[in-house]
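>>> Got a sequence here, can you build the structure:
(chains A and B)
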Amino acid sequence: MADVKKVKKESTDPVDIENRIKALCQQFPHGITDQVIQNDMPNLEAQQRAMAINRLLSLGQLDLLRNSSGLLYRMKDAQTASKMKGSDNQEKLVYQVIEDAGNKGIWSRDIRYKSNLPLTEINKILKNLESKKLIKAVKSVAASKKVYMLYNLQPDRSVTGGAWYSDQDFESEFVEVLNQQCFKFLQSKAEVARDSKQNPMVQRNSSFATSHEVWKCICELGISKVDLSMEDIETILNTLIYDGKVEMTIIAAKEGTVGSVDGQMKLYRGVNPIIQPTGLVKTPCGLCPVFDDCHEGGEISPSNCVYMAEWLNF
Amino acid sequence: MTAQEVRLCGLLLQEHFGEVVERIGTHLLRGGAQNLRTIANETNTPLDLVKKSLCVLVQHGACEFGSGRRGPGSPVEYRANCERVLRVLRYPRYIYTAKTLYGDTGELIVEEVLQRGHMTMSNTVKTVADRLTHNMEEGRSMEYSEVVSAFSKLVETHFLQRCPPVAEMGTAASSTTPSNPDCYKLPHVTLIGRGKRRRSSDDSEEQRGGKKAKMEVESCGDEGIYWQVNFERFHQHFRDQAVISAVASKLDQTSSEIVRTMLRMSEVTTTQTAAYTQPLSANEIFRSLPPNYSISRPILDQYLSLLVDDPVGADLDSPPHIPTLNLQRALANLARATLESVVQERFGSRSARIFRLLLRKRHLEQKQVEDFAMIPAKEAKDMLYTLLSENLVQLQEIPKTPDHAPSRTFYLYTVNQLPTARLLLQHCYKTVANLIERRLFETKENKRLLEKSQRIEAILASLQASGAEPEQLTEVEEMITAPERQQLEALRHHINKLDSTENQVDETVFLLESYIFSTKTK
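Okay, the predicted model is just below:
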């Protein structure tokens, strides 16, 4: 009788358990907890369950995750499972860490911290993965270090710098050109409004341009090889504000009107400066690089000032 | 009283009043209140010279006297007023303003009063009439009544005011002018007569006439009522002009006219330090607009609402339909524009961009500055450090940990408008002093040449008066050689340039001073 019992017990052999667990995983694609397995096979001992799960993990068919209430087991994607067939555990670990970093990529130092592997190992693994075309290295403009990310992902804007950077170089001339174009557009609009000689309210309102209008105009001019979004144009217009050439107001706009963001629209308008260059800068002293060293009777003094002599003879 | 201010005051005193006054004046400025004996001993000048220079300074309002520190019995102490001495720099601007507002007569009146410090009305009228007559053609002379009318106009608009009565020894110091009720009251004096032309050949007649004139003066009846120029009123006028021109360049001509009307209407009612003008109703503005600006009432309302909405320069506050001008904000905006313009001219437009960015956003990290201003990191760093070394930009540390470890501290860049304005003001004073010194240096270098040309001119004048031959005249003229003539021309050009530049820098000084002053009285 004891033998029969033993046989009966062992009829739940490991392969069956694994298959059962796999089937459960497929039923719940978001992952299953220990609790669910226990409910399904109540007569399964904890030890056997743990063994089965470990086998599945080492075979690379299950993913082990942790959430707030405990451990979760999830079916691994068949494709990725096949990819990692040839690699060993360490590589899989590193690959997982890089995958988690997603769009932004991750430094080799951070990989080391997360996986607790020595540097030489990491480097070997990274080279391996790169040759298998599973990951790639992208040079980040922010940290000027290489970050690693999955092969088929597009690097995030913060890494490449967005529209203003091409190959790690800040495109100053491009920004300057855009700057001038936007300013000219706004200025011509203001001039047209001023010449129209209508009553002042209408004049002022027609001299305003929304950021959407400016964006459309710049796109039409076609000076940019990269696609510019409205936020990019707004950053350019902000620099014009800091140049003192343009002012901005925000008005409430109905949701759904073209160009409105969160129920607001930004309007820009070209302005003139409120004073002429001030008196101090019309003298050589106002622009003098050695102003603080200048004393009567010293090496540098008003009486023998070279800048003044040049300026007087102008 | 900073070192730069004292230096500039010394130069101004020397140019206008001479060396002795300069010595006494600088000593008083540096040393604070002192009594007569101390001044005489420390400057090694004889007592009567000290007395005379103190008289000059008091006459011009640059020095005040009061009872000493140890109570009414101690010797009188004298105190110099640095601000008043710096006003001397602005005399040309005052005279020019009077000319634009009240014509030649006004100009001469203000000039005379500025030169003498305090003057009675009758004296002024007589002197001005004489001067005007001198410049007119033969056979015409200036009526006193015209001069009197110009004088009374100046007093009505508060450009001239009575000097406060001198306090007796032992009583409190004289009250400030605004509380003096008779400040702007014209004395009842009838001045009838015409200006006398002064001819060089009528010297003997003049002497006899001079005695008669003296007797006439004594019977005029306004003894003891002295008049001085009301600097505050002129400053108010300059400030109004600055605001109007800012509005004109920002918006358009019509808006500036409206602002000018508003300011003119509240000229006499607003005190110097008021932050706001008196509230005026839109109706009053409409009625007071100059007739050639015929705009209708609804358009006026639109302009007013435009002025209210204007974000920069926005100095118009409007509780419903009662527009008032926020003068304090206007001054702050003008001062800010001045600072930005200095940074732009001195360091370039990109640094100006960073400067304006910091003014708007107050505190920023280095990375944020680069991102907002769209300037490559290396260049932005360079520019920020240059501005920092010139003290135009300050660094604020915010530590994350109690030990201020540099790697764990935020470093924020910031611009404080008021201290930067003060710094620039001192720069302006130093610049003006440099310009004056250069002018004196140039004059000294070419002293010999100048003296020679003066001699030649005197000879020429005397020859012409005694009717000489043309050949003699040309002979005399040729005593100055061509290169010397060129040198003289160049010298004249230099001195004019230096002079006009002093006035331009003085405009900057005025803007910054009014801004700093307006922030003090809160």
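>>> Show me the shaky parts of the stretch 401-522 of chain B.
The model of the stretch 401-522 of chain B has pLDDT under 70 over residues B:521-522.
>>> give the contact list for the residue in it that chain A sits nearest to.
Nearest to chain A in the stretch 401-522 of chain B, going by C-beta to the nearest C-beta, is residue B:504, at a distance of 3.5 Å. C-beta: built from backbone N, CA, C; applies to glycine. By C-beta atoms under 8 Å, 6 or more residues apart in numbering or on different chains, the residues touching residue B:504 are A:279, A:282-283.
>>> Neighbours of residue B:325, how many?
Residue B:325 has 26 neighbours, counted by other C-beta atoms under 10 Å in any protein chain shown.
>>> Look up how far residue B:258 lies from it.
Residue B:325 sits 11 Å away from residue B:258, going by C-beta to C-beta, to the nearest Å.
>>> Strands along chain B, start to end?
With strands called from DSSP state E, chain B shows them at B:34-35, B:63-66, B:77-80, B:119-120, B:160-162, B:226-229, B:316-317, B:324-325, B:363-364, B:394-399, B:409-414.
>>> Can you tell me which helices and strands the fifth one packs against?
Yep, that's strand B:160-162 we're talking about. Where contact means 3 or more C-beta pairs under 8 Å, 6 or more residues apart in numbering or on different chains; DSSP states H and E, strand B:160-162 is packed against helix B:91-116, helix B:144-156, strand B:226-229.
>>> If we use 10 Å, what do you get?
helix B:91-116, helix B:121-135, helix B:144-156, strand B:226-229, helix B:231-250 (3 or more C-beta pairs under 10 Å, 6 or more residues apart in numbering or on different chains; DSSP states H and E).
>>> same deal with the fourth one?
Of the remaining helices and strands, those touching strand B:119-120 by 3+ C-beta pairs under 10 Å, 6+ apart are helix B:91-116, helix B:121-135, strand B:226-229.
>>> switch to 6 Å and redo it
When contacts are defined as 3 or more C-beta pairs under 6 Å, 6 or more residues apart in numbering or on different chains; DSSP states H and E, strand B:119-120 packs onto no helix or strand at all.
>>> again, but for the last one
Using 3+ C-beta pairs under 6 Å, 6+ apart as the contact definition, the elements that strand B:409-414 packs against are strand B:363-364, strand B:394-399.
>>> neighbouring strands for that strand, and are they parallel or not?
In the sheet, strand B:409-414 lines up against strand B:363-364 (antiparallel), strand B:394-399 (antiparallel) (DSSP bridges).
>>> avg pLDDT for the shortest one?
Taken as a whole, strand B:363-364 carries a mean pLDDT of 90.
>>> how far is that strand from where the chain is centred?
37 Å (C-alpha atoms, centre = their mean, to the nearest Å).
>>> got a list of what the most centrally placed residue in chain B touches?
Centroid-nearest residue in chain B, with C-alpha atoms, centre = their mean: residue B:90, separated by 3.1 Å. By C-beta atoms under 6 Å, 6 or more residues apart in numbering or on different chains, the contact set of residue B:90 is residue B:506.
>>> separation between it and chain A?
12 Å (C-beta to the nearest C-beta, to the nearest Å).
>>> pLDDT score for that residue?
Listed pLDDT for residue B:90 reads 91.
>>> Setting the sequence-adjacent residues aside, check what's closest to whatever residue of the stretch 151-300 of chain B ends up closest to chain A.
In the stretch 151-300 of chain B, no residue comes nearer to chain A than residue B:246, which is 4.3 Å away by C-beta to the nearest C-beta. Among residues not flanking residue B:246 along the chain, residue A:274 sits closest, at 4.3 Å (C-beta to C-beta, 6 or more residues apart in numbering or on different chains).
>>> and what of residue B:362?
Closest residue in space to residue B:362, ignoring its immediate chain neighbours: residue B:414 at 6.1 Å, by C-beta to C-beta, 6+ apart.
>>> what mean pLDDT does stretch B:94-114 have?
Averaged over stretch B:94-114, pLDDT sits at 90.
>>> What part of chain A, helix or strand, is modelled with the least confidence?
Least confident helix or strand, chain A: helix A:2-10 with a mean of 47, by mean pLDDT, DSSP states H and E.
>>> Could you check how far residue B:298 is from residue B:380?
The value you get for residue B:298 to residue B:380, if C-beta to C-beta is used, is 49 Å.
>>> of the two, who's got more company?
residue B:380 (22 against 10).
>>> what's the pLDDT at the more buried one?
You'll see residue B:380 listed with a pLDDT of 90.
>>> dump the residue contacts of it.
B:369-370.
>>> Narrow the contacts of residue B:504 to those in strands?
Among those, no member is found in strands (DSSP E).
>>> which one of the residues you listed is nearest residue B:158?
residue A:279 (26.9 Å; C-beta to C-beta).
>>> Hmm, the closest one is touching residue B:506, no?
No - distance between residue A:279 and residue B:506: 7.1 Å, which falls outside the contact criterion (C-beta atoms under 6 Å).
>>> More neighbours: these two, which one.
More crowded of residue A:279 and residue B:506, by other C-beta under 10 Å: residue A:279, with 24 against 20.
>>> how near is the more buried one to residue B:508?
4 Å.
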